[in-house]
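**Q** Sequence first, then the predicted structure, then my questions.
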Amino acid sequence: MPCPLAEKALEFLKKVRRRSRGDHHVPHQRPGGLHSRSGALSNREVIEGNVGLPRTRETVDHYTRMAEVDFRGAPVEIVEHGDTVRYLDYQNAVARTDDMGVQLGPASFQDEETLVRTLGHESVHVEQYAAGRVSSMTGPLEDEAYAAEDGFVANWRRNSR
C-alpha cells in the first residue's frame, strides 16, 4: 500500500533535483506545448513591481536581432493579463511555445539575459515544431533548447559591444 507522505516527499525531491540540474523546462499540459522556466521572478511579481525591460514589440525585436534569434515567421505574443499569465505562474514558467506560436509572459522581460535566453529557447521550439519533431517525448527537445541558450547569450554579448 503506497504511503501518501512518501509519495509527496518523492515528488518534492524530484522537483528539487530538476531545479538543481538547471532543468527549467517542463512540458505544457496541452499536448505539444513547451515552457521556458528560466526566471527568478514570477509574472505577477514583475507586473506588481513594475520591474524589468519594457514589455513591447520593440524590445522583443531589438533583443531578437542582437541575439540572432530566428522565429521563422511564427507569431510572438506578449501576454500581460488574465488567465494566460496566471497559467504561466501556475506552471512556474516565463514563456510557452506551441504549434500556434510563442507567448512571452512578463517575467520573460525581468532582465536582459532572461529575455535573451527565453527568446533563444523558444525559437528552438519553433524550429522543432516546424520540423515536425514535437511529440509526447519532450525531454530531448527541452535539452536541445536549453543547450542552445548559451549560444544566443554569446551572440547578444558580441553584438552589444
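**A** Nice, I can see it.
**Q** the helices in this structure, which residues?
**A** Ranges of helices in the chain, per DSSP state H, are 4-20, 43-49, 57-66, 82-90, 112-130, 139-159.
**Q** got the contact list for the shortest one?
**A** Here helix 43-49 makes contact (Cβ atoms under 8 Å, 6 or more residues apart in numbering) with 41, 51-52, 80, 85, 88-89, 94, 105-107, 109-110. Placement of C-beta: from N, CA and C, glycine included.
**Q** My guess is residue 67 contacts residue 113. True?
**A** No - counting by Cβ atoms under 8 Å, residue 113 is not a contact partner of residue 67; they are 10.1 Å apart.
**Q** More neighbours: the two, which one.
**A** Between residue 67 and residue 113, counted using other Cβ atoms under 10 Å, residue 67 has the larger neighbour count: 26 against 15.
**Q** who's in contact with that one?
**A** 116, 119, 120, 152, 153, 155, 156, 159.
**Q** Same check on residue 77?
**A** Residue 77 neighbours (Cβ under 8 Å, 6+ apart): 101, 102, 103, 104.
**Q** Same list (the contacts of helix 43-49) but as TSV, adding neighbour count, pLDDT and distance to residue 126.
**A** Below are those laid out as TSV (neighbours: other Cβ atoms under 10 Å; pLDDT from 0 to 100; distance: Cβ to Cβ, whole Å):
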residue	neighbour count	pLDDT	distance to residue 126
41	18	92	25
51	14	94	27
52	21	95	23
80	14	92	21
85	20	93	21
88	27	91	18
89	17	91	23
94	32	93	16
105	30	96	17
106	29	97	21
107	31	96	20
109	25	97	19
110	24	96	22
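**Q** Show me which pair in these is furthest apart.
**A** Distance extremes for the contacts of helix 43-49: the farthest pair is 51 and 88 at 16.3 Å, using Cβ to Cβ.
**Q** Let me know the distance separating the residue nearest to residue 160 when sequence neighbours are not counted from residue 148.
**A** Spatially, and ignoring its direct neighbours in sequence, residue 160 is nearest to residue 66 (6.0 Å; Cβ to Cβ, 6 or more residues apart in numbering). Residue 66 is 16 Å from residue 148, where distance means Cβ to Cβ, to the nearest Å.
**Q** thinking again about what came up before, could you name every residue contacting both of residue 67 and residue 113?
**A** Common neighbours of residue 67 and residue 113 (Cβ under 8 Å, 6+ apart) are 153, 156.
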